[in-house]
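1. Quick one: sequence plus predicted model below, questions after.
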Amino acid sequence: MRLLTKILIIPTMAILFADPPNWQDDPGAYVYIATMTAVVTDQDVQLSDSNDILAAFDGDGNVRGISFALDVTFGPYEGTVLHEITLRSNNSGDNLTFKFYDASEDAVLDLSESYTFEINDIVGSMVAPHALSVQYEIDLSIDLIAGWNWISLNVLPE
């Protein structure tokens, strides 16, 4: 019984106390900033945990900003969590991409949208946040009958 307890408790504790990613923001490395207030969704469901983290990255993988959670107490997003992130750059025009740490799933998710940096830009607000969504890749493999080398798919719009 003691062994069974250890087998069940140890993995559970690892999930409950999993470490978030070790993303390090370096504000002193960049001259200019922009500010974004964002809502993150996964298949139209808002990810709204105060331990979640939104991070911005440049093309070389350098962290260009890490969010802090905003517990919204008014407006259309009342009772949810939005993410305020200060984006950093040394130049206008830098392309930034986003990753999202979902604390409840202990998973780092790639986000579909990117942002072209503008000095002193303000993107989104607590009543109209900038929308970011989890990116999904579709991996489709279809085995063809011997001798066939093409396939036709009809995709219907939603």
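-> Structure received. Numbering: from 1, shown residues only.
2. and the spatially most central residue of the chain, what element?
-> Centroid-nearest residue in the chain: F100, 2.4 Å away (criterion: C-alpha atoms, centre = their mean). In this structure, F100 sits in strand 95-102 according to DSSP states H and E.
3. Buried residues, that strand. List them.
-> By 16 or more other C-beta atoms under 10 Å, the buried positions in strand 95-102 come out as 96-102. (Glycine included, C-beta is placed from N, CA and C.)
4. Surely P129 and T41 touch.
-> No. With contact defined as C-beta atoms under 8 Å, P129 does not reach T41; the gap is 10.4 Å.
5. before we move on, back to that, residues of the next helix-or-strand element following the strand holding F100 that come out buried?
-> Using DSSP H and E, the helix or strand that directly follows strand 95-102 along the chain is strand 107-116. In terms of neighbour count (16+ other C-beta under 10 Å), strand 107-116 has its buried residues at 109, 111, 115.
6. try stretch 60-77
-> In stretch 60-77, counting by 16+ other C-beta under 10 Å, buried: 63-67, 69-70, 72, 77.
7. hmm, who's touching that stretch?
-> Applying C-beta atoms under 8 Å, 6 or more residues apart in numbering, the external contacts of stretch 60-77 come out as 23-26, 30, 37-39, 50-58, 78-89, 94, 96, 126-127, 129.
8. Which of the residues you listed fall within strands?
-> 37-39, 53-57, 81-89, 96 (DSSP state E).
9. PyMOL command for the buried members of those residues?
-> A single PyMOL command suffices to select whichever of these are buried according to 16+ other C-beta under 10 Å:
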select buried, resi 37+38+39+53+54+55+56+57+81+82+83+84+85+86+87+88+89+96
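10. Okay, helices next: where are they in the chain?
-> 2-16 (DSSP state H).
11. Can you pull out the low-pLDDT segments for it?
-> Within the chain, the ranges that satisfy pLDDT under 70 run 1-18, 137-140, 156-158.
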